[in-house]
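>>> Attaching a predicted model along with its sequence, questions to come.
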Amino acid sequence: MDEQEFLRAADREIASLYQSLIRAEDSADIEVEESGGALKIDFEEPPATFVVSPNFAVRQIWISALATSFKLDWSAAKDTFVLEKTGENLKALIARLVNQQLGQELVTLN
């Protein structure tokens with residue numbers, strides 16, 4: 001995947017995630033902000049901030065959440081970014097992490 005392909009894919013995936021998270025704000029106590037191609041997800045209770053951002057140098061999407069760094073690689077077979085360790089795509093991973101932070105299953109991202 002060259003730089004332009006990565007840029008298009010990362011922008012598309014993060015924009016789609018942002019729209020899904022905006023819809024989830026109604027059912028969960030989260031606040032989502034987009035800035036410069038990255039997303040910030042803020043939690044009031046318990047307090048926390050997750051960051052989702054593209055890393056152009058290594059062509060991955062990085063997530064900082066729950067005191068851990070998650071690095072998703074592009075999967076041509078699945079046509080999305082995937083966490084190799086679990087096989088989760090970006091939305092599935094974020095939904096799991098958000099629900100883990102909230103302590104209940106409030107968020108499903110499509």
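Structure's in. What do you need? None of the values given here were measured: they were computed from a predicted structure.

>>> alpha carbons only for contacts and neighbour counts from here, please
Noted.

>>> Nearest residue to E25 in space, ignoring adjacent ones along the chain?
Closest residue to E25 apart from its sequence neighbours, by Cα to Cα, 6 or more residues apart in numbering: E31 at 6.4 Å.

>>> Look up phi and psi at that neighbour.
phi -130, psi 130 (degrees, to the nearest 10).

>>> What separation do you get for it and I41?
Distance of E31 to I41, given as Cα to Cα, to the nearest Å: 6 Å.

>>> cool, and F70?
In terms of Cα to Cα, F70 sits 15 Å off from I41.

>>> Kindly report the same for A24.
Counting by Cα to Cα, the gap from A24 to I41 is 11 Å.

>>> all helices for the chain, in order.
Assigned by DSSP state H, the helices in the chain fall at 3-24, 90-102.

>>> With S16 as the reference, measure out to A28.
Applying Cα to Cα, the value for A28 to S16 is 18 Å.

>>> Apologies, that question was intended for R23.
On the measure of Cα to Cα, R23 and S16 end up 11 Å apart.

>>> do the same with A67
Look at A67 and S16: by Cα to Cα, they are 24 Å apart.

>>> now A10
A10 is 10 Å from S16, where distance means Cα to Cα.

>>> Same question for A9.
From A9 to S16 the distance is 11 Å (Cα to Cα).

>>> Could you give the bridge partners of the closest residue to K40 other than its chain neighbours?
In this structure, K40 finds its nearest non-sequential neighbour in V51, 4.7 Å apart by Cα to Cα, 6+ apart. Beta-bridge pairing for V51 (DSSP bridges): K40, S64.

>>> count of residues packed around V51?
Using other Cα atoms under 10 Å, V51 has 17 neighbouring residues.

>>> so who does it touch?
Counting by Cα atoms under 8 Å, 6 or more residues apart in numbering, V51 touches A38, L39, K40, I41, W62, I63, S64, A65.

>>> Chain neighbours aside, what residue packs nearest to the second one?
Of all residues not flanking L39 in the chain, V52 sits nearest, at 5.0 Å (Cα to Cα, 6+ apart).
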